[in-house]
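Engineer: From the sequence below, what's the structure:
(one chain, ligands or ions: 2)
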Amino acid sequence: MRIILLGPPGAGKGTQAQFISKEYDIPQISTGDMLRAAIKEGSELGKKAKDIMNAGGLVSDDLIINLVKERIAKPDCANGCIFDGFPRTIPQAQALADADVAIDHVIEISVPDDEIVKRLSGRRQHPGSGRVYHIDHNPSKVDGIDDVTGEPLIQREDDKESTIRERLATYHEQTSALVGFYQDKAKKDDDAPTYNKFDGTQGIEDVKQQILSALKG
Ligand code: AP5
Ligand code: ZN
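Structural biologist: Ligands and ions are numbered 1, 2, ... in the order given. Sure thing, here's the model as predicted:
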């Protein structure tokens, strides 16, 4: 099964991707986590991505499409995967279609901008695994420490209010067009992925239950 999670920064894509990944035993492919790992390694990709990410813009389609193509060729993707934060532009979505990567479900998680600014300031992340927490809505067992590894949690560099606003503007300008793109496909074509939208302002557990029950169809 292949699933695309669509939604603005902070909507809960990473949080819900982890639940789906466990439920269906398929990997989460977060282009954001892969880019942050590249920055940490100091690779060429990381050097190209760093300033763009910290400014809240989008890394070029060519770089992202190559990154994803390499990732989905790995054996752990044989039974499917969850795309978290990809595609983010029409050319990225078109590249998936052109490569005959069939998608079964598109899941949109929607949250209004003001709620997102509040939410992202409370996020904490384990950099090694991408596991996400929230100081109020999903706290780790020990403050500032990852539940699984015992390693320290960090705040993402792009979770400053000014950068969050830029990321939101980028979402509305370049990514929200994918809502129409996949909704139209779902209406016109029987083989197209199903399209389901969820209210991401509900609690984490409620959103999870609704998504899992929609996937079971
Ligand atoms: P990326 O890492 O994908 O960031 P994003 O899209 O901005 O999304 P986030 O990771 O901030 O949010 P999320 O929806 O995963 O929410 P989460 O579950 O963490 O991308 C970063 C950057 O990389 C981009 O800006 C761009 O520069 C670049 N990039 C990445 N992909 C690219 C691509 N395809 N093309 C070009 N450039 C690309 O939840 C957020 C917080 O809220 C957490 O603290 C969580 O605990 C909490 N939370 C979750 N759900 C709920 C809930 N229901 N109620 C209350 N709190 C909740
Ligand atoms: Zn994320």
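Engineer: Which single residue of this protein ends up nearest ligand 1?
Structural biologist: G32 (1.9 Å; CB to the nearest ligand atom). C-beta here means a position set from N, CA and C on the backbone, and glycine is covered the same way.
Engineer: What about I26, how many residues nearby?
Structural biologist: 20 (other CB atoms under 10 Å).
Engineer: Ends of stretch 181-197, what's the gap?
Structural biologist: This stretch, stretch 181-197, spans 14 Å end to end (CA to CA, to the nearest Å).
Engineer: buried stuff in that stretch?
Structural biologist: Buried residues in stretch 181-197, counted by 16 or more other CB atoms under 10 Å: F181, Y182, K185, A186, A192, P193, Y195, N196.
Engineer: What residues does the last one make contact with?
Structural biologist: Taking CB atoms under 8 Å, 6 or more residues apart in numbering as the contact definition, N196 lies against H105, V106, I107, E108, I211, A214.
Engineer: One more: the third one?
Structural biologist: Residues near K185 by CB under 8 Å, 6+ apart: A192, P193, Y195.
Engineer: Look up how far A93 lies from it.
Structural biologist: 9 Å (CB to CB, to the nearest Å).
Engineer: How about the second one?
Structural biologist: From Y182 across to A93, the span is 8 Å (CB to CB).
Engineer: How about the residues of this protein by ligand 1?
Structural biologist: With the criterion set to CB under 6 Å from any ligand atom, the chain comes near ligand 1 through 7, 9-15, 31-32, 35, 52-53, 56-59, 64, 85-86, 88, 92, 119-120, 122-123, 132-134, 137-138, 167, 200, 202-204, 207.
Engineer: If any of those are buried, give me the PyMOL selection for them.
Structural biologist: Selection of buried members from the residues of the chain next to ligand 1 for PyMOL, criterion 16+ other CB under 10 Å:
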select buried, resi 7+9+10+11+12+13+14+15+31+32+35+53+56+57+58+59+64+85+86+88+92+119+120+122+123+132+133+134+138+167+200+207
